[in-house]
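Provided below are the primary sequence and the corresponding predicted coordinates.
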Amino acid sequence: MGRTSTARERLLDAAGTLMRHRGYSGLGVAEICAAAEVKKGSFYHFFASKQDLTLRAIDAYWEEQQRSWSAALESADPALVRLRRLLEGMADFQRRAKEECGAVDGCLLGNLALELSTQEPDVRARLEEIFDAQTALIARVLDEAAAEGAVPRERAGRPVARAVIAHLEGLVLFAKLKNDPAVLDTLWPHTLLLVGADRP
């Protein structure tokens with residue numbers, strides 16, 4: 001049981017890492033298996049197809065990310081303090097990636113959304129669900145910030161929350177393009193402008 005679970009986890013981890021670096025289309029099952037040190041024949045014991053693996057890798061990535069989001073957002077701190085902690089944590093993830101492997105590899109969710117939005121409807125639908133969930137979490141924090149008087153009430157809805165997510169994903173994309181996590185240094189000050197906050 002332990003060996004089976006470990007092989008599956010290695011495949012998921014390898015797929016997530018390779019897809020962040022290389023994308024989906026140019027990546028084959030054999031390469032994923034080689035990176036995971038799992039025989040290709042065993043792949044289909046765990047996953048019906050490369051698309052199935054991709055969906056499971058997306059879920060695994062989001063489950064891990066959710067833990068970071070929960071740790072950042074679920075506290076008694078003021079809402080904007082929690083939002084800043086979340087966004088800076090996402091930026092730090094990209095900085096660590098550059099330190100560890102020499103490249104800013106971006107966000108798996110954003111990378112796949114750009115590549116597969118017109119090709120894989122099941123993947124697109126799952127990504128849309130996750131981004132909707134992220135938007136709802138940000139909207140809740142902005143609602144709390146409005147109740148605290150930290151942001152205007154009109155900035156506390158889903159449209160601004162979606163703009164915060166788009167700003168994060170866009171800066172991550174530019175950081176990946178330039179291979180420079182310093183691009184993310186403006187993430188928090190520009191988020192404050194988006195949400196209409198009058199203090200840093």
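Yes, it's here.

State which helix of this structure is the longest.
Looking across the chain with DSSP state H, the single longest helix is helix 121-147.

Quick check: buried residues in the least confident helix or strand in the chain by mean pLDDT?
One helix or strand of the chain scores below all others by mean pLDDT, DSSP states H and E: helix 2-22, with a mean of 81. Of the residues in helix 2-22, 7-8, 10-12, 14-20 count as buried by neighbour count, 16 or more other CB atoms under 10 Å. Where you see a C-beta, it was placed from the backbone N, CA and C, and this is true even at glycine.

In terms of secondary structure, what does it contact?
Under the contact criterion of 3 or more CB pairs under 8 Å, 6 or more residues apart in numbering; DSSP states H and E, helix 2-22 touches helix 29-36, helix 40-46, helix 50-73, helix 108-116.

Can you point out the buried residues in the last one?
By neighbour count, with 16+ other CB under 10 Å as the criterion, the buried positions of helix 108-116 are 108-113, 115-116.

picking that back up, quick one: work out the angle between the least confident helix or strand of the chain and helix 29-36.
With axes from the mean of the first three to the mean of the last three CA atoms, to 10 degrees defining the directions, helix 2-22 sits at 110 degrees from helix 29-36.

Just want the angle from helix 2-22 to helix 108-116.
Here helix 2-22 points in a direction 60 degrees away from that of helix 108-116 (the same axes, to 10 degrees).

Determine how far helix 2-22 lies from the middle of the whole chain.
17 Å (CA atoms, centre = their mean, to the nearest Å).

quick one, that helix and helix 50-73 angle?
90 degrees.

residues in contact with helix 2-22?
Applying CB atoms under 8 Å, 6 or more residues apart in numbering, the contact partners of helix 2-22 are 27, 31-33, 35-38, 42-43, 46-47, 53-54, 56-57, 60-61, 103, 105-108, 111-112.

Among those, name the buried ones.
So, by 16+ other CB under 10 Å, the buried ones in these are 27, 32-33, 35-36, 38, 43, 46-47, 53-54, 56-57, 60-61, 105-108, 111-112.
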